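S.K.: next input, structure requested:
(one chain, ligands or ions: 1)
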Amino acid sequence: MRLLVFCHDCQFEHLRLGTEYDEKNALALYYAPIDEQRVAEFVCARGHKNRLLLEAQLFQVLFDYAVVAFDDGYTREAVASLAACLERFFEFATAAFLRNAGVSMDEGVEAPSHPLAL
Ligand SMILES: [Zn+2]
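M.R.: Below is the predicted model:
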């Protein structure tokens with residue numbers, strides 16, 4: 001999964017110098033891969049190292065990808081992203097419910113092998 005980002009050091013440099021954002025001085029955009037901790041790292045063309053933390057949950061990003069893929073006509077990618085989105089949402093909801101109940105994720109709550117086995 002990748003995010004479309006720009007370099008913050010280059011942006012600060014633009015602000016410090018007071019240059020206009022026109023076609024000649026536009027900020028370059030980069031596709032940065034994002035990991036499981038929602039961290040994206042990349043180096044811009046001018047050598048600035050960037051490390052970004054995505055505030056949105058992964059299921060939100062995957063849902064956005066699914067919508068964009070569907071809108072672009074890539075139905076298989078849309079279904080795959082939506083399935084991954086749903087799985088991430090279940091993980092997120094499970095963690096939230098366990099935390100609300102005062103149970104740690106490390107305690108290893110055993111899930112039933114089948115939903116009807118409750
Ligand atoms: Zn830069």
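
S.K.: quick check, pLDDT for the closest residue in space to L52 that isn't next to it in sequence.
M.R.: Residue nearest to L52 in three dimensions, not counting chain neighbours: A40, with 4.6 Å by CB to CB, 6 or more residues apart in numbering. In this view, the C-beta of every residue, glycine as well, is placed from N, C-alpha and C. A40 is assigned 92 on the pLDDT scale.

S.K.: wait, A40 sits on P33?
M.R.: Yes - look at A40 against P33 with CB atoms under 8 Å: they come within range, at 6.6 Å.

S.K.: can you tell me the SS state at the residue nearest to L52?
M.R.: Look at A40: counting by DSSP: H, G, I helix; E, B strand; the rest coil, its state is strand.

S.K.: where does this protein come near the ion, residue by residue?
M.R.: The chain comes close to the ion at residues C7, D9, C10, C44, R46, H48, as judged by CB under 5 Å from the ion.

S.K.: let's see it at 8 Å
M.R.: Residues of the chain found near the ion (CB under 8 Å from the ion) are C7, H8, D9, C10, E13, A28, C44, A45, R46, G47, H48, N50.

S.K.: which of the residues you listed has the largest number of neighbours?
M.R.: Comparing the residues of the chain next to the ion by number of neighbours (other CB atoms under 10 Å), C7 comes first, having 21 neighbours.

S.K.: ok, and the closest non-adjacent residue to it?
M.R.: With CB to CB, 6+ apart, the residue lying closest to C7 is C44, at 3.7 Å.

S.K.: got the domain ranges for the chain?
M.R.: Here the domain parsing of the chain from automatic domain parsing is 2-53, 58-102.

S.K.: and the longest helix along the chain, what other elements does it pack with?
M.R.: Counting by DSSP state H, the longest helix found in the chain is helix 75-100. For helix 75-100, the elements it packs on are helix 58-71, judged by 3 or more CB pairs under 8 Å, 6 or more residues apart in numbering; DSSP states H and E.

S.K.: which residues touch the helix it packs on?
M.R.: For helix 58-71, the surrounding residues in contact (CB atoms under 8 Å, 6 or more residues apart in numbering) are 1, 3, 34, 36, 38, 54, 75, 77-79, 81-82, 84-86, 88-89, 92.
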